[in-house]
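K.L.:
Here is a sequence with its predicted model. Questions after.
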Amino acid sequence: MHFWGAQLFFFALVAHIATKFAMAAWRDGRWKTWMVGVLALGAAIFTALTGFLAQTNWDSQWIAVQAKDAMNAVGIGAFFNTMNTGQVLTLHIVALPLLLGLLVGIHVFFIRSEGPVKPINGKQ
């Protein structure tokens with residue numbers, strides 16, 4: 001259930017981004033809303049990575065070794081060790097869902113405070 005719920009979540013994220021871009025919801029100075037959305041997408045992707053690592057099977061071990069090299073390459077290998085199961089589980093279960101919830105809350109706040117985007121032709 002958790003796996004398929006996560007798949008549905010990412011499908012909904014991609015559908016949300018695509019429809020809002022196609023509806024030109026990026027206009028009228030909405031850059032803050034979009035940047036918080038991008039940060040939320042990044043947090044969701046990082047949460048998905050830790051979810052794959054938490055499976056503790058051969059696939060997740062391979063992903064952990066490859067991701068460890070990637071984390072070292074971008075400079076955060078000293079803070080996040082993909083081979084540390086305790087760190088991965090803590091991030092996946094506690095820290096990243098709280099961060100993602102906070103970012104989604106800020107995203108919704110910006111959406112609600114800015115109101116709907118004006119029509120493209122400028123008429124109401």
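P.N.:
Received the coordinates, thanks.
K.L.:
so where's the protein shaky on pLDDT?
P.N.:
Scanning the chain for pLDDT under 70 picks out the ranges 122-124.
K.L.:
in it, which spans are helices?
P.N.:
In the chain, the segments counted as helices under DSSP state H are 2-22, 31-53, 58-74, 85-90, 96-114.
K.L.:
any chance of these in a markdown table, plus mean neighbour count?
P.N.:
Where C-beta positions appear, they are placed from N, C-alpha and C, glycine not excepted. Output for those, formatted as a markdown table (neighbours: other CB atoms under 10 Å):
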| stretch | mean neighbour count |
| --- | --- |
| helix 2-22 | 11 |
| helix 31-53 | 17 |
| helix 58-74 | 13 |
| helix 85-90 | 15 |
| helix 96-114 | 14 |
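K.L.:
of those, which approaches residue 121 most closely?
P.N.:
Each of these has some distance to residue 121 by CB to CB; the shortest is helix 2-22, at 16.3 Å.
K.L.:
Report the angle between that closest one and helix 96-114.
P.N.:
30 degrees (axes from the mean of the first three to the mean of the last three CA atoms, to 10 degrees).
K.L.:
Could you list the residues in contact with helix 2-22?
P.N.:
26, 37, 41, 44, 48, 51 (CB atoms under 8 Å, 6 or more residues apart in numbering).
K.L.:
got CSV for those residues, with distance to residue 60 too?
P.N.:
Output for the contacts of helix 2-22, formatted as CSV (distance: CB to CB, whole Å):
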residue, distance to residue 60
26, 36
37, 28
41, 22
44, 18
48, 12
51, 9
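K.L.:
For residue 117, state which of the residues you listed is nearest.
P.N.:
For these, the nearest to residue 117 is residue 26 (8.4 Å; CB to CB).
K.L.:
can you pull the contacts of that closest one?
P.N.:
With contact taken as CB under 8 Å, 6+ apart, residue 26 is in contact with 20, 34.
K.L.:
again with residue 80
P.N.:
Residue 80 touches 71, 87, 91, counting by CB under 8 Å, 6+ apart.
K.L.:
which one is residue 111 nearest to, not counting chain neighbours?
P.N.:
Nearest non-adjacent residue to residue 111, counting by CB to CB, 6 or more residues apart in numbering: residue 33, 5.9 Å away.
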